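Novice: structure for this input, please:
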Amino acid sequence: MKNILFCNPVRQFVQTMVVASCLWACSPASTSSQLSIAVLDMAQIYEVDAVKDFVFACEETNLDQQKETAKKDFLKAIDYRENQKNGQEAIQYFKKAAAVLPDANTYFELGSTLLALNQNEEARKAFEVAEALRFTPAANLHYKKAQVTALLKENEYVVVDYLKKAVEQGFSDKSAIDKEIAFDSVRNTEQFQLFYVKNFSQGISKPSAEFKLFLRGFPAALDNFEVKANDVAEVSDKYISYEFASYVREMETRQDFGREVGSEYFYVAKVRETPEYAAVLYAAKDAVAESVPPVFTYLVTYNWEGQEISKINFACQCTPKSIKTGKIEGDKVTVVAYDRQWQAEFTDVPPSENKIKSINETEKRTYEIAANGKITETTTKISAVKEKSSWFSMR
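Specialist: Below is the predicted model:
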């Protein structure tokens, strides 16, 4: 018989009666045997540092008996799971094998069995130890982590990140992703769809499919839309992902604020769709301005491959003292510029306590969106208009 010692990770030398031992403080489960092996405390089998310390200590000794015992328990676990269809019993033997000699493959199979029985939180812990012990192939591990993360209702960004890692490591089973019900909770999200298009859009144009995902983020406001004077600083709460930087050029080079200033980008509206082009409005907001942040709303047209056709500044809170409003009616576009006067200088009264005294129209421009999507100006610049409009007590 073997004398099994249950171990806590304190590196002290433990003598064995016949073959080998690990550098641990252990207490024997039996005193009548002729052979001793070290066993990790079950309470610590998911503690990465404890597991690594145990493995390190055991590597300093003869591992033959340790390996033999762990292998027997591992094979029993596989038999219970695959042949006897008894997952719970398989889990117990996987844990025994892990306690005798922690091994990446044992933890991976343990995690997979727990996952199959919907014990997802514990499955995640098992996969984390498998990763710490450098399980290979890494693609399979990342895929399993994506599954368990989705089942635990984690953020779709986390799920997709694991899927990306799986693909980077060689995972290519499209049908597995299609059939996996764990991904149903994130399947219709922008992040998942974008990942899927980039990696599994065989037989269709990837740029076209990706562009359609970009368009999905815009609320429809076909043919008629307006940004009024008191709305020029407003943005939605829906950010445009940097995954779509190829369609929002300012994400790479922000000219209005300067490259050194960070900006956030927001969906505004999809205002036009034809067989030739799509027209959208998106906003860019200075993310670090402290008082009256610049906010620029752009009207952009694209062909159906996602290539930009034309672009104009549709509306903006350009500076604290200048704004532009925009209006679209069918293929007609009107942009009006205004000067804003405040009741007090910002050096005397901060914007949060200040009020707008007047807003005066200074310029009006008109444009037309052609059938091919090109935006063409149809009027010349107009000097200050005679009729001026004012709004009072506006914040």
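
Novice: pull the contacting residues for Asn86.
Specialist: Tyr80 (Cβ atoms under 8 Å, 6 or more residues apart in numbering). Quick note: C-beta positions are derived from backbone N, CA and C, even for glycine.

Novice: for it, give me phi and psi.
Specialist: Dihedral angles of Asn86 (phi, psi; degrees, to the nearest 10) stand at phi -120, psi 90.

Novice: now do the one 5 residues further on
Specialist: Dihedral angles of Ile91 (phi, psi; degrees, to the nearest 10) stand at phi -60, psi -40.

Novice: which residue, other than its chain neighbours, is closest to it?
Specialist: Once flanking residues are discounted, Ile91 sits nearest to Thr113: 5.5 Å by Cβ to Cβ, 6 or more residues apart in numbering.

Novice: repeat that for Phe244.
Specialist: Phe214 (4.8 Å).

Novice: helix/strand/coil for the residue nearest to Ile91?
Specialist: helix (DSSP: H, G, I helix; E, B strand; the rest coil).

Novice: distance of it from Phe218?
Specialist: According to Cβ to Cβ, to the nearest Å, Thr113 stands 44 Å off from Phe218.

Novice: please enumerate the strands of the chain.
Specialist: With strands called from DSSP state E, the chain shows them at 2-8, 25-28, 35-40, 224-227, 263-273, 278-286, 295-302, 308-319, 322-329, 332-342, 356-369, 375-377.

Novice: who does the fourth one pair up with?
Specialist: Meaning strand 224-227. strand 322-329 (antiparallel) (DSSP bridges).

Novice: and the partner strand, average pLDDT?
Specialist: The pLDDT scores in strand 322-329 average 95.

Novice: check stretch 145-160 too.
Specialist: On average, stretch 145-160 scores 94.

Novice: buried stuff in that stretch?
Specialist: For stretch 145-160, the neighbour count (16 or more other Cβ atoms under 10 Å) marks 145-151, 154, 156, 158-160 as buried.

Novice: rewinding a little: could you tell me the least trusted of the strands of the chain?
Specialist: strand 25-28 (a mean of 37).

Novice: for the closest residue to Glu243 other than its chain neighbours, give its distance to Ala278.
Specialist: Among residues not flanking Glu243 along the chain, Leu194 sits closest, at 5.3 Å (Cβ to Cβ, 6+ apart). Note on Leu194: its distance to Ala278, by Cβ to Cβ, is 17 Å.

Novice: so which of these two has more stuff around it?
Specialist: Ala278 (22 against 19; other Cβ atoms under 10 Å).

Novice: surely that one touches Arg272?
Specialist: Yes. The pair Ala278 and Arg272 passes the contact test of Cβ atoms under 8 Å, sitting 6.7 Å apart.

Novice: give me the common contacts of these two.
Specialist: In contact with both Ala278 and Arg272: Thr301, using Cβ under 8 Å, 6+ apart.

Novice: pick out the residue nearest the middle of the chain.
Specialist: Centrality entry for the chain: nearest residue to the mean C-alpha point is Tyr157, 2.4 Å, by Cα atoms, centre = their mean.

Novice: count of neighbours near the nearest residue to it once chain neighbours are set aside?
Specialist: Spatial nearest neighbour of Tyr157, chain neighbours left out: Gln191 (5.7 Å); criterion: Cβ to Cβ, 6+ apart. Number of residues near Gln191 (other Cβ under 10 Å) recorded here: 20.

Novice: go on, Lys238?
Specialist: 12.

Novice: what's the spacing between it and Ala139?
Specialist: According to Cβ to Cβ, Lys238 stands 33 Å off from Ala139.

Novice: with Phe171 instead?
Specialist: Taking Cβ to Cβ, one finds Phe171 at 4 Å from Ala139.

Novice: about what we covered before: can you list the buried residues of stretch 145-160 in CSV and add distance to Pro320?
Specialist: Putting those into CSV (distance: Cβ to Cβ, whole Å) gives the following:
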residue, distance to Pro320
Lys145, 48
Ala146, 47
Gln147, 51
Val148, 50
Thr149, 45
Ala150, 46
Leu151, 50
Glu154, 42
Glu156, 38
Val158, 40
Val159, 42
Val160, 40
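
Novice: from those residues, pick the one nearest Asn83.
Specialist: For these, the closest approach to Asn83 (Cβ to Cβ) belongs to Gln147, at 24.0 Å.

Novice: need the contact list for that closest one.
Specialist: 115, 180, 182-183.

Novice: rerun at 7 Å
Specialist: Contacts for Gln147 (Cβ atoms under 7 Å, 6 or more residues apart in numbering) come out as 115, 180, 182.

Novice: in ChimeraX, select just the buried ones from the residues you listed.
Specialist: Selection of buried members from the contacts of Gln147 for ChimeraX, criterion 16+ other Cβ under 10 Å:
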select :115,182
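
Novice: now flag whichever of the contacts of Gln147 is closest to Leu101.
Specialist: Nearest to Leu101 among those: Leu115, at 22.6 Å, using Cβ to Cβ.

Novice: Val74 and Lys144, how far apart?
Specialist: Heads up, residue 74 is Phe, not Val. 18 Å.

Novice: go on, Phe127?
Specialist: 6 Å.

Novice: what sits in contact with each of these two?
Specialist: Gly111.

Novice: do I have it right that Glu131 meets Leu141?
Specialist: Yes. Under the criterion of Cβ atoms under 7 Å, Glu131 is in contact with Leu141, at a separation of 5.9 Å.

Novice: pick out whichever of those two has more residues nearby.
Specialist: Leu141 (26 against 19).

Novice: ok, the more buried one - contacts?
Specialist: 108, 127, 130-131, 135.

Novice: what's the distance between the nearest residue to it once chain neighbours are set aside and Asn354?
Specialist: Among residues not flanking Leu141 along the chain, Phe135 sits closest, at 4.9 Å (Cβ to Cβ, 6+ apart). Phe135 sits 60 Å away from Asn354, going by Cβ to Cβ.

Novice: for those two, work out which one has more neighbours and name it.
Specialist: Higher neighbour count among Phe135 and Asn354: Phe135, with 22 against 18, using other Cβ under 10 Å.
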